[in-house]
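Need coordinates for the following:
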Amino acid sequence: MPNAHYIPRSQGGLGIEENVVTLCLDCHMRYDNGAGRERTKAEIKSYLEEIYPGWDESKLTYKKWGD
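You can find the predicted model right below:
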């Protein structure tokens, strides 16, 4: 099963547990290629918020200058 990043690594997303979920190949392809991306992203966000109390999307991105 492939891992998917909530915030893609190509967009500065970190490779930490709070930014990664396991998706089946079909769901991962849909998520990466835009077909149904917003729905899948909302489902992933809801899941991550549920399993990581205090989950904060702003902490999932690399910040070079400590912004």
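
any idea how far the helix or strand bottoming out on mean pLDDT in the chain is from the chain center?
Ranked by mean pLDDT, DSSP states H and E, the weakest helix or strand in the chain is helix 25-33, scoring a mean of 88. Relative to the chain's own centre, helix 25-33 is displaced by 12 Å; criterion: Cα atoms, centre = their mean, to the nearest Å.

and if you look at stretch 15-35?
The answer for stretch 15-35 is 7 Å, by Cα atoms, centre = their mean.

what's the neighbour count on Y31?
Y31 has 24 neighbours, counted by other Cβ atoms under 10 Å. Any C-beta I mention is one placed from the backbone N, CA and C, and that applies to glycine too.

So the closest residue to it other than its chain neighbours versus M1, what's the distance?
Closest residue in space to Y31, ignoring its immediate chain neighbours: T40 at 4.7 Å, by Cβ to Cβ, 6 or more residues apart in numbering. With distances taken as Cβ to Cβ, to the nearest Å, T40 is found 15 Å from M1.

quick one, which of the two is more surrounded?
Between T40 and M1, T40 has the larger neighbour count (other Cβ under 10 Å), namely 18 against 10.

Go ahead and name everything in contact with the helix or strand hosting that one.
Per DSSP states H and E: T40 is located in helix 37-51. Residues from elsewhere that reach helix 37-51 (Cβ atoms under 8 Å, 6 or more residues apart in numbering): A4, Y6, E18, N19, V21, L23, C27, R30, Y31, W55, E57.

Filter these down to the buried ones and express that as a ChimeraX selection.
Burial among the contacts of helix 37-51 is assessed by 16 or more other Cβ atoms under 10 Å; the matching ChimeraX selection reads:
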select :4,6,18,19,21,23,27,30,31,55
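
Inside helices: which ones of the contacts of helix 37-51?
C27, R30, Y31 (DSSP state H).

Count residues in the vicinity of G15, would you?
10.

Many thanks, I have nothing further to ask.
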